[in-house]
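**Q** predicted model and sequence follow; I will ask about them next.
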Amino acid sequence: MPDIFKPVGPSSDDDKKPGLGPKLLWFVILAVAGVACVAGTAYLMRALLFIG
């Protein structure tokens, strides 16, 4: 039976990829932006409810 998954060694251009730090920073920035967007929408809808 042939191997379905063949191991592949690391490529030589691994130095150009960003490390865990920048990826984690982008994740945190996007998570905070998402929370701020949802909170802003919730407060806007609450304000519209009390206006009308």
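**A** All right, it came through fine.

**Q** shaky segments in this protein?
**A** In the prediction, the chain carries residues with pLDDT under 70 at positions 1, 13-15.

**Q** what about the helices in it?
**A** 20-51 (DSSP state H).

**Q** distance check, the spatially most central residue of it against residue 36.
**A** Using C-alpha atoms, centre = their mean, the residue of the chain that lies closest to the mean C-alpha position is residue 27, 4.0 Å off. Residue 27 sits at a distance of 15 Å from residue 36 (criterion: C-beta to C-beta, to the nearest Å). Every residue, glycine included, has its C-beta placed from N, CA and C.

**Q** burial of residue 23, as a residue count?
**A** The criterion is other C-beta atoms under 10 Å. On that basis, residue 23 has 11 neighbouring residues.

**Q** for residue 10, same thing?
**A** Using other C-beta under 10 Å, residue 10 is surrounded by 6 other residues.

**Q** swap in residue 9?
**A** The local packing count at residue 9 equals 5, with neighbours defined by other C-beta under 10 Å.

**Q** quick one, phi/psi of it?
**A** Backbone torsions of residue 9, given as degrees, to the nearest 10, read phi -70, psi 170.
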